[in-house]
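Trainee: Just need the structure, nothing else, for what follows:
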Amino acid sequence: MIKLTFLGTSNQIPSAKRNHTAILLVYEGENILIDCGEGTQRQFRIAKLNPCKITRVLITHWHGDHVFGMPGILSTLSLSGYNKKLFIYGPKNTKEHVRELLNVFGFKKNYEISAENIDGKFFETKDFYLEAEKMEHGIPCNAYSFVKKGAIRIDKAKLKKSKLPRGPLLQKLKQGKDVVYQGKKYLAKNLTFKEDNKKISFVFDTLDNKKIIPFVKNSDLLVCESSFSDEIKEQAKEHLHLTAKQAGEIAKKSNSKKLILTHISQRYENDTQKILDEAKKVFKNTILANDFDVFEI
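Mentor: I've put the predicted structure just below:
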């Protein structure tokens, strides 16, 4: 199971209801923080989450509303006995920015930090991988995807009917190998099925561009910024942002299963339905995220 907790859903200026951008993705032993806006560590406390479980941080870009919370998080980890190696990934200049940040704030760093400028597939285990794609926002900027790899699963009903014993034989079946038991051959393809990949994509601040749709294609969850309504689309273009309608179009054209809107401007504080309806006209399976919303797949 993959779990997303939205710790902040505002855009450049936070509101009484929405904090700056931050999302925590939890899968198995991984706690991956996507962006770290101002006040993120307090959002952890309100959500009753432990920041010391963070394993990786993905920075989309170095505008303040996406990174002002980094000094606080890094300091809190130091004061809380964090004893892991923290991996920070981001677009061009991330390594240099992290070094500068540590120099400016000068807190006692008693754990190891690895900062990397990344592009393409940049981390992989046997269970999942992370990849990045460059976006267009005036400064170096990345979109990200988390992909849980599909695996071969045993069909329990067919296994029960076959009367094969549990143990080493089942492991061979999971590897796609046929097995022989009591003189009878059992074909792996008849007793197993291939579980599909699970993909979650994050597209934050960016101008609409041709790289987005191929990158987020077939996402189970597409988390996308929707800072502007279509009626002021020229203003969105000027500021290198997406409209809610464009987010819906991206979800539809990329064959994504569900769209989650975030990065909501304070101008829609009392009328978020306007943004949601605009996207839903194009892509029906759309949700607008609020702070502390949780989604699982």
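Trainee: For the helix or strand harbouring residue 247, list the C-alpha coordinates in CSV.
Mentor: Assigned by DSSP states H and E, residue 247 belongs to helix 244-253. Provided in CSV are the C-alpha atoms of helix 244-253 (Å, rounded to 0.1, in the frame of the first residue of the first chain):
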residue,chain,number,x,y,z
ALA,A,244,-7.3,23.7,-13.4
LYS,A,245,-8.6,23.1,-17.0
GLN,A,246,-5.1,22.3,-18.2
ALA,A,247,-4.6,19.9,-15.3
GLY,A,248,-7.8,18.1,-16.3
GLU,A,249,-6.6,17.9,-19.9
ILE,A,250,-3.2,16.5,-18.9
ALA,A,251,-5.0,13.8,-16.8
LYS,A,252,-7.3,12.9,-19.7
LYS,A,253,-4.6,12.8,-22.4
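Trainee: Flag every buried residue along that helix.
Mentor: 244-252 (16 or more other Cβ atoms under 10 Å). In this view, the C-beta of every residue, glycine as well, is placed from N, C-alpha and C.
Trainee: Now distance to residue 168 too, for the residues you listed, in JSON lines please.
Mentor: Listed next are the buried residues of helix 244-253 as JSON lines, based on distance: Cβ to Cβ, whole Å:
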{"residue": "244", "distance to residue 168": "53"}
{"residue": "245", "distance to residue 168": "55"}
{"residue": "246", "distance to residue 168": "53"}
{"residue": "247", "distance to residue 168": "49"}
{"residue": "248", "distance to residue 168": "50"}
{"residue": "249", "distance to residue 168": "50"}
{"residue": "250", "distance to residue 168": "46"}
{"residue": "251", "distance to residue 168": "44"}
{"residue": "252", "distance to residue 168": "47"}
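Trainee: just to revisit the earlier point, which secondary structure elements does the helix holding residue 247 sit against?
Mentor: helix 212-216, strand 221-225, helix 233-238, strand 258-262, helix 272-280, strand 286-288 (3 or more Cβ pairs under 8 Å, 6 or more residues apart in numbering; DSSP states H and E).
Trainee: for these, which one ends up most surrounded?
Mentor: Highest mean neighbour count of the helices and strands packed on helix 244-253: strand 221-225, a mean of 27 (counted as mean count of other Cβ atoms under 10 Å).
Trainee: what inclination does that strand have with respect to helix 272-280?
Mentor: Angle of strand 221-225 versus helix 272-280, following axes from the mean of the first three to the mean of the last three Cα atoms, to 10 degrees, is 120 degrees.
Trainee: Can you name every helix or strand that strand 221-225 contacts?
Mentor: strand 198-203, helix 244-253, strand 258-262.
Trainee: residues making contact with the longest helix along the chain?
Mentor: Scanning the chain for the helix with the most residues, using DSSP state H, yields helix 94-105. Contacts with helix 94-105, where a contact means Cβ atoms under 8 Å, 6 or more residues apart in numbering, come from 59, 62, 67, 70-71, 74-75, 88, 90, 109, 113, 115-118.
Trainee: Quick check: neighbours of the following helix or strand past it in the sheet, parallel or antiparallel?
Mentor: Using DSSP H and E, the helix or strand that follows helix 94-105 towards the C-terminus is strand 113-117. In the sheet, strand 113-117 lines up against strand 86-90 (parallel) (DSSP bridges).
Trainee: Buried ones in the partner strand, by neighbour count?
Mentor: 86-90.
Trainee: can you check stretch 133-140 too?
Mentor: Buried-residue list, stretch 133-140, by 16+ other Cβ under 10 Å: 133-135, 137, 140.
Trainee: who's sitting farthest from the centroid in this protein?
Mentor: For the chain, the residue at maximal distance from the C-alpha centroid (Cα atoms, centre = their mean) is residue 183, at 48.6 Å.
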